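Asks: Sequence and computational prediction follow.
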Amino acid sequence: MREIKTCIFDMDGVICDTAKYHFYAWKKLGDRLGIVFTEQDNERLKGVSRMESLEILLSLSDRTYAEEEKLSFAEEKNKNYVDYISAMDKNEILPGVLEVLEYCRKEGIKTALGSVSKNAGIILDRLKLWPYFDAVIDGTKVVRAKPDPEVFLKGAGETGAEPSCCVVFEDAYTGIEAARAAGMLAVGIGSEQALPNADFVIRGFEEMSAEQLINRIRQF
Ligand code: B16
Ligand code: MG
């Protein structure tokens, strides 16, 4: 049976659906710059850092932009994004998330947040989730974005677990790559089509009870 010491949760797309707020904020910037940006384009931004996301948006335009302009665009997008997330509340925690976090506590399994977002702290405040995590690793603590394993390895380190005893819950292809590179079991949240690299995929935490999920991982 697999020993689970730490469960590491990605934030955007796993704990809450902030992808839609990222989309609104990027689209607002795209509209101002005359760049057509669709929800399908937004899929490519999931789990990708802010500056890499900006590069993807700007690649949809035939203009080139100076580095200084790019920095101000990223700031503009983030200002809009922070406006959206500042209005969030705990009703936006995705179904089943609290049950899994609480079940981990009950089972003596440590919990860590593993997000590359620099805004994770604001979201944890709004959703009142700080008490549920033994470690919070976010974009302010890591240098390298996913698919680099840094964010997850730090989560393992701060909770005193070897990577092989950690499980990562992730909704992005790049995030699953990062978990695998860290030597951790990677559970995809979403569709098998979008996450063919995951060890196994569930549609969401509401798909089964927390007990069933943890038992499935232990037997994997
Ligand atoms: P920020 P995660 C990621 O968060 C998002 O999936 C990605 O879309 C976003 O660009 C990135 O955070 C950076 O976010 O601009 O707030 O620093 O999925 O790793 O929790
Ligand atoms: Mg994510």
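Replies: Alright, I've got the coordinates. Ligands and ions are numbered 1, 2, ... in the order given.

Asks: After the longest helix along the chain, which helix or strand is next?
Replies: If you go by DSSP state H, the chain has its longest helix at helix 67-85. Going down the chain from helix 67-85, the next helix or strand is helix 97-107, by DSSP states H and E.

Asks: residues in contact with that following helix?
Replies: Here helix 97-107 makes contact (C-beta atoms under 8 Å, 6 or more residues apart in numbering) with 4, 7, 9, 14-16, 110-111, 129, 132-133, 205, 209-211, 213-214. Just so you know, the C-beta spots here come from the backbone N, C-alpha and C atoms, and that holds for glycine as well.

Asks: which of those are buried?
Replies: Neighbour-count burial within these applies to 4, 7, 9, 14-16, 110-111, 129, 132-133, 205, 210, 213-214; the criterion is 16 or more other C-beta atoms under 10 Å.

Asks: Need the max-distance pair from those.
Replies: Across the buried ones among the contacts of helix 97-107, the longest distance by C-beta to C-beta is 23.1 Å; it joins Ile4 and Cys16.

Asks: ok so, going back, the longest helix of the chain - contacts with which helices or strands?
Replies: helix 19-33, helix 50-58, helix 120-127 (3 or more C-beta pairs under 8 Å, 6 or more residues apart in numbering; DSSP states H and E).

Asks: For the second one, what is the distance to the chain centroid?
Replies: What that stands for is helix 50-58. 17 Å (C-alpha atoms, centre = their mean, to the nearest Å).

Asks: And for the first one?
Replies: Using C-alpha atoms, centre = their mean, we find the averaged C-alpha position of helix 19-33 to lie 18 Å away from the chain's own average C-alpha position.

Asks: that older thread, mind checking which of the contacts of helix 97-107 are in strands?
Replies: 7, 9, 110-111 (DSSP state E).

Asks: and of those residues, the nearest to ligand 1?
Replies: Phe9 (8.8 Å; C-beta to the nearest ligand atom).

Asks: If you count contacts, what does the helix-or-strand element of the chain with minimal mean pLDDT end up packed against?
Replies: Across the helices and strands of the chain, the lowest-confidence element by mean pLDDT, DSSP states H and E is helix 39-43, at a mean of 92. Counting contacts by 3+ C-beta pairs under 8 Å, 6+ apart, helix 39-43 packs against helix 19-33.

Asks: Also compute the angle for the helix it packs on relative to helix 67-85, please.
Replies: Put simply, helix 19-33 runs at 140 degrees to helix 67-85, going by axes from the mean of the first three to the mean of the last three C-alpha atoms, to 10 degrees.

Asks: which other helices and strands contact helix 19-33?
Replies: Helix 19-33 packs on helix 39-43, helix 50-58, helix 67-85, going by 3+ C-beta pairs under 8 Å, 6+ apart.

Asks: Which residues does the shortest one contact?
Replies: The contact list for helix 39-43, computed with C-beta under 8 Å, 6+ apart, reads 19, 22-23, 26-27, 56-57, 60, 194.

Asks: and ligand 1, which of those residues reach it?
Replies: Contacts with ligand 1 within these, as defined by C-beta under 6 Å from any ligand atom: His22.

Asks: and which of the contacts of helix 39-43 is nearest to ligand 2?
Replies: Distance to ligand 2 across the contacts of helix 39-43 (C-beta to the ion) is lowest for Ala19, with 7.4 Å.

Asks: Thanks again, I'm all set now.
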